[in-house]
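> any chance you could fold what I've pasted below:
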Amino acid sequence: MTLTKALVPAQSRLGRAALVLGASALIAVAAQVAVPMFPVPMTLQTLAILTVGFALGARLGAAALVAYLLEGAMGLPVFAHGGSTAALLGPTAGFLIGFVAMAWVAGFAADRGVRGLVPTAAVALFASALIYVPGLAWPALVMGKSVPDLLSGWMLPFVAGDIVKSLIAALVVSGGWAALKARRG
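Numbers count the residues shown, from 1 in each chain. Purely as a prediction, here's the structure:
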C-alpha cells in the first residue's frame, strides 16, 4: 500500500487524474529549484520524482512522469531551467525518459510494502542509479560521447546530489508513514 492509498483509500478516476497532474506539477516546480552544489548545481527534480513514485505507486507514479514528459513535449516550460520540447531531443533526453523508470521502481517498491528509512533509501539509490542507463546511453549513441567523457561530465558530477536526494526522499516517505501511524495511533 502506498501513502496515497493509506490517506485516501477510495480514489475515483477523477481523483487519480488529479493526483497524476498534481504530481507532474510538483515535479515541474522542483525542476526549477537549483541548489548550489560543487561541482554542478543540483535541481530538486529527482527528489520530487522519487517522492511521487513512493507516494503514488508504480502505475500512478509512472503516469505522472508520462504526463510531465507530455507537458514538456507540448511546449510547457516544465523541465529544468524552463526547458520544454527541445530537451526531449537534446543531450539530456535519456535522463528525461529514465525518469519514468525511476518513478515506477520507487512505486513498485511502495506497492510491495517497502517501508522504513533503510529499505526506502536502498530503493531510492537503486532508482537513482537506474536513470544513468538511458541517461548515458543517449549521448553515447546520439553524440558519440566516449565512456570517459560520459563518466566525468555526465555522471560523476551528479552522483553526490543523487545520493543526497535519495536519502531525503527516504526521510520524507518514512516520515510520512510515521506521521500517518501516529495520527491513527
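> mind listing the strands for the chain?
Counting by DSSP state E, the chain has strands at residues 34-35, 42-43.
> where in this structure is pLDDT low?
Applying pLDDT under 70 to the chain flags the ranges 38-40.
> residues near V29, how many?
Neighbour count of V29, defined by other Cβ atoms under 10 Å: 13. In short, each C-beta sits where N, CA and C put it, glycine included.
> ok, the closest residue to it other than its chain neighbours - contacts?
Nearest residue to V29, sequence neighbours excluded (Cβ to Cβ, 6 or more residues apart in numbering): A48, at 7.8 Å. By Cβ atoms under 8 Å, 6 or more residues apart in numbering, A48 lies in contact with L26, I27, V29, A30, A31.
> can we see that at 6 Å?
L26, I27, A30 (Cβ atoms under 6 Å, 6 or more residues apart in numbering).
> distance of E71 from L56?
Separation of E71 from L56 (Cβ to Cβ, to the nearest Å): 17 Å.
> and the two? Which one has more around it.
L56 (27 against 19).
> hmm, the more buried one is touching T4, no?
Yes - counting by Cβ atoms under 6 Å, T4 is a contact partner of L56 at 5.3 Å.
> P134 contacts A93, doesn't it?
No - using Cβ under 6 Å, P134 makes no contact with A93, being 8.5 Å away.
> dump the residue contacts of the residue positioned nearest the centre of the chain.
Residue closest to the mean C-alpha point of the chain, counted by Cα atoms, centre = their mean, is I49 at 2.1 Å. Applying Cβ under 6 Å, 6+ apart to I49 gives the contacts I27, F99, M102, A103.
> between these, which is closest to L44?
Comparing these against L44 with Cβ to Cβ places I27 closest, at 9.1 Å.
> now that closest one: how far from T92?
Per Cβ to Cβ, I27 is found 15 Å from T92.
> need the max-distance pair from the contacts of I49.
Using Cβ to Cβ, the pair of the contacts of I49 lying farthest apart is I27 and M102, separated by 10.7 Å.
> mind listing the helices for the chain?
3-7, 13-31, 45-56, 58-73, 93-111, 117-130, 132-143, 147-149, 156-184 (DSSP state H).
> so which of the ones you listed is the most packed in?
For those, average neighbour numbers computed from mean count of other Cβ atoms under 10 Å are highest in helix 45-56, which has a mean of 28.
> and it, C-alpha only, in CSV?
Below are the C-alpha coordinates for helix 45-56, written out as CSV (Å, rounded to 0.1, in the frame of the first residue of the first chain):
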residue,chain,number,x,y,z
GLN,A,45,13.6,17.3,-9.9
THR,A,46,14.7,13.7,-9.0
LEU,A,47,13.8,14.3,-5.3
ALA,A,48,10.3,15.0,-6.4
ILE,A,49,10.2,12.1,-8.8
LEU,A,50,11.3,9.6,-6.1
THR,A,51,8.8,11.1,-3.6
VAL,A,52,6.0,10.9,-6.2
GLY,A,53,6.8,7.3,-7.1
PHE,A,54,6.9,6.2,-3.4
ALA,A,55,3.7,8.1,-2.6
LEU,A,56,1.6,7.2,-5.6
